[in-house]
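Asks: no sequence on this one, just coordinates:
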């Protein structure tokens, strides 16, 4: 079956780039909506991967916050490392989905819950 590559790029980029809108629960709504309204299997996989990444970011953020609190702030550089990894992986995902429209992007270091 033929799928429009421009539409695939746009929807996949929206899924992964939604986390730039906010790191709150609002940003996960975009990939969820795209999952329900698209028939393209690559876009669906990108949306699911994005949802998993959002969930992992929240879990890792909670764990790092608790570690910082428990260490009385001495582990604050760990939060900076987490942000760099988070934004770096998101930018890599965007470049990947815009350059290769035939395969979904897979984030490393995450638990796939859905």
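Replies: All right, it came through fine. Quick caveat: nothing in here was measured; it's all calculated off a predicted structure. Numbering: from 1, shown residues only.
Asks: What's the first helix or strand after the longest helix seen in the chain?
Replies: What stands out as the longest helix in the chain, according to DSSP state H, is helix 41-70. Remark: after helix 41-70, the chain's next helix or strand is helix 76-99, criterion DSSP states H and E.
Asks: buried ones in the longest helix of the chain?
Replies: Buried positions in helix 41-70, judged by neighbour count with 16 or more other CB atoms under 10 Å: 42-57, 60, 64, 68. Where C-beta positions appear, they are placed from N, C-alpha and C, glycine not excepted.
Asks: Quick one: low-confidence residue ranges for this structure.
Replies: The chain contains residues with pLDDT under 70 at 1, 23.
Asks: distance from the centroid: which residue in it tops it?
Replies: Most distant from the centre of the chain: residue 72, at 29.7 Å, with distances by CA atoms, centre = their mean.
Asks: how far off helix 41-70 does the strand or helix carrying residue 15 point, in degrees?
Replies: Residue 15 is part of helix 5-17, with elements assigned from DSSP H and E. Counting by axes from the mean of the first three to the mean of the last three CA atoms, to 10 degrees, helix 5-17 lies at 10 degrees to helix 41-70.
Asks: So what's the gap between helix 5-17 and the chain middle?
Replies: 13 Å (CA atoms, centre = their mean, to the nearest Å).
Asks: Remind me what that helix packs against, helices and strands.
Replies: Counting by 3 or more CB pairs under 8 Å, 6 or more residues apart in numbering; DSSP states H and E, the packing neighbours recorded for helix 5-17 are helix 29-37, helix 41-70, helix 76-99.
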